[in-house]
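Colleague: Take this sequence and fold it.
(one chain, ligands or ions: 1)
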Amino acid sequence: MLTPFETELDHLRSAGLYRTLRLIESVQGPEVTIDGRSVLLFCSNDYLGLANHPEVIQASIEATERFGTSSGASRLISGNMTLHEELERKVAQFKGTESAVVFSSGYMTNLGVIPSLVGEKDLIVADKLNHASLIDGCRLSGAMFRIYPHKNLKRLRELLGKRKQYRRAVIVTDSVFSMDGDIAPIPELLEIAQKYDTWLLIDEAHATGVLGKHGRGSLEHFHLSPDEHLIQIGTFSKALGSFGGFIAGSKNLIAYLKNTARTFFYSTSLPPGVLAASIKAVEIIDKEPERLKNLWKNVARFKNGMKEVGARGVYPERSRRAVPLPDSETPIIPILTGENERTLKLAEELFKNGVFVPAVRPPTVAKGKCRLRFTVMATHTKKQIEQCLERVEEIIGKERNC
Ligand SMILES: *Cc1c(COP(=O)(O)O)cnc(C)c1O
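Modeller: Numbering: from 1, shown residues only. The predicted structure follows:
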């Protein structure tokens, strides 16, 4: 007799949905050691390469030596330390908002903020391709939860036609969609939020440190200013090379969240070493603007390379095995591969040939929309990008011929 776990695991394996973890044996960087072998890393969110920046590491060590390894309690008990408030001031300054509050992770931020904003008498309208943590926050809130097709503003307006039946309403969206790499139409969404008197909650996880001339995120990208309708979520765990989440907004919003968000209340606050790393990372974004420039240079390099590979007929259109490049506008550059098994096989082949990129499968993406999700970092060299593209061409080319 199989136990329920064995049955479920068998089911996952036979559907090509079983997950195995790769074990990184080195520091994070454009090249990492796995199974004693050096491989090119093309799936990290450490976009600016700050996770192993010597000054960030040093700041973290010094804070740990001075303040210890833990905050010892939640912020509301005895876990509110000088570094928490220093980081919050830095984030508000960085984002150009009145105030900010940090949470233990981006996930925890979303689980906290959405149920604080809306509840049973309220309405959420959300993009179909939102990140799982936003979806979970929406579900947890108990509000009426309606979904519009990806970036479909017409449907969004229709759903908001019922706005008056509800007390409060919020539009919820990723700013940069984490599996497609495209950008939400924030200016239009903000206009809709103003018109229908809703909040617009944007998740800047992949926008912070990446979008805008100075990496401030999508407001800077679109030349918008903070607005009372707008609430920005972010994370320190991606381009900032650290860990933790935040909300940036008005003084009143932040005071309200500190008084109501359950993940703020009931979880131990971030430890000193992590806070100091985040503070230093925010400083370095301004101090070393060439990182952001390199990131975008590499994005262009990678995308152009992919297009050239395509032009050589490696993934011809309309073939069963077509690998069109979707509408990525950011360092997230997926190539669509379709089914689970095929995607797994391609990822495995690439790995054997020294390129680490994950096979993204359901439930992370819809069925039949599996992909190899490449992400580019500021710290990749031209040569590393060329090597990656060569391997992709070889392996997808070989697959076509068999
Ligand atoms: C990664 C991610 C999160 C979660 O952030 P963590 O700090 O890693 O918990 C939230 N939202 C989006 C859109 C993300 O991509």
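Colleague: what ranges do the helices span in the stretch 101-250 of the chain?
Modeller: 106-117, 132-141, 153-160, 186-196, 218-221 (DSSP state H, counting those that start in this stretch).
Colleague: winner for burial among those?
Modeller: Most buried of the helices of the stretch 101-250 of the chain by mean neighbour count (mean count of other C-beta atoms under 10 Å) is helix 106-117; its value is a mean of 25. Heads up, the C-betas are built off the backbone N, CA and C, glycines and all.
Colleague: ok so, going back, wait, which of the helices of the stretch 101-250 of the chain is closest to the ligand?
Modeller: helix 106-117 (2.2 Å; C-beta to the nearest ligand atom).
Colleague: is any part of the closest one close to the ligand?
Modeller: Yes. Using C-beta under 6 Å from any ligand atom, we find that helix 106-117 touches the ligand at 106-107, 110.
Colleague: what would these look like in TSV with pLDDT and distance to residue 332?
Modeller: Compiled in TSV, the residues of helix 106-117 next to the ligand are given as follows (pLDDT from 0 to 100; distance: C-beta to C-beta, whole Å):
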residue	pLDDT	distance to residue 332
106	98	15
107	98	18
110	98	19
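Colleague: hmm, back to that, could you dump the helices of the stretch 101-250 of the chain into CSV and include distance to residue 289?
Modeller: CSV is the format used below for the helices of the stretch 101-250 of the chain (distance: least, C-beta to C-beta, whole Å):
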stretch, distance to residue 289
helix 106-117, 24
helix 132-141, 30
helix 153-160, 34
helix 186-196, 23
helix 218-221, 13
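Colleague: Name the residues of this protein found near the ligand, please.
Modeller: Proximity of the chain to the ligand (C-beta under 6 Å from any ligand atom) is limited to residues 105-107, 110, 131, 133, 174, 178, 203, 205-206, 235, 237, 245.
Colleague: Just the buried residues of those.
Modeller: Among the residues of the chain next to the ligand, the ones that count as buried by 16 or more other C-beta atoms under 10 Å are 105-107, 110, 131, 133, 174, 178, 203, 205-206, 235, 237, 245.
Colleague: from the residues you listed, which single one is nearest residue 31?
Modeller: Nearest to residue 31 among these: residue 237, at 20.8 Å, using C-beta to C-beta.
Colleague: what's the longest helix seen in the chain in contact with?
Modeller: Longest helix of the chain, by residue count under DSSP state H: helix 290-311. The contact list for helix 290-311, computed with C-beta atoms under 8 Å, 6 or more residues apart in numbering, reads 47-50, 209-210, 214-215, 284-285, 315, 323, 325, 328, 330-331, 333, 335, 374, 376-380, 382, 385-386, 388-389, 392-393, 396.
Colleague: Of those, grab the buried ones for PyMOL.
Modeller: The PyMOL command for the buried members of the contacts of helix 290-311 (criterion: 16+ other C-beta under 10 Å) is given here:
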select buried, resi 47+48+49+50+209+210+215+284+285+315+323+325+328+330+331+333+335+374+376+377+378+379+380+385+388+389+392+393+396
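Colleague: so of the contacts of helix 290-311, which ones are in helices?
Modeller: In helices, defined here by DSSP H, the members of these are 284-285, 382, 385-386, 388-389, 392-393, 396.
Colleague: of the residues you listed, closest to the ligand?
Modeller: Distances from the ligand to those, taken as C-beta to the nearest ligand atom, are shortest for residue 285 (17.0 Å).
Colleague: With adjacent residues omitted, what lies nearest to the closest one?
Modeller: residue 215 (5.0 Å; C-beta to C-beta, 6 or more residues apart in numbering).
Colleague: dump the residue contacts of the one you found.
Modeller: The contact partners of residue 215, by C-beta under 8 Å, 6+ apart, come to 48, 208-209, 239, 285, 292.
Colleague: returning to what we had before: and the longest helix of the chain, how far out from the chain middle?
Modeller: Taking C-alpha atoms, centre = their mean, to the nearest Å, one finds the center of helix 290-311 at 19 Å from the center of the full chain.
Colleague: can you check stretch 275-292 too?
Modeller: Stretch 275-292 sits 18 Å away from the centroid of its parent chain (C-alpha atoms, centre = their mean).
Colleague: contacting residues for residue 183?
Modeller: So residue 183 contacts 175-177, 207, 211, 218, 221, 329-330 (C-beta under 8 Å, 6+ apart).
Colleague: Could you report the pLDDT at it?
Modeller: Reported pLDDT at residue 183 in the predicted model: 98.
Colleague: mind checking how far it is from residue 212?
Modeller: Separation of residue 183 from residue 212 (C-beta to C-beta, to the nearest Å) stands at 11 Å.
Colleague: quick one: contacts for residue 358?
Modeller: Neighbours of residue 358 in contact, by C-beta under 8 Å, 6+ apart: 43, 347, 372-373.
Colleague: ugh, wrong one, residue 330
Modeller: Residues near residue 330 by C-beta under 8 Å, 6+ apart: 176, 181-183, 206, 210-211, 299.
Colleague: Just name the closest of the contacts of residue 358 to the ligand, please.
Modeller: Looking across those and measuring by C-beta to the nearest ligand atom, the closest to the ligand is residue 373, at 11.5 Å.
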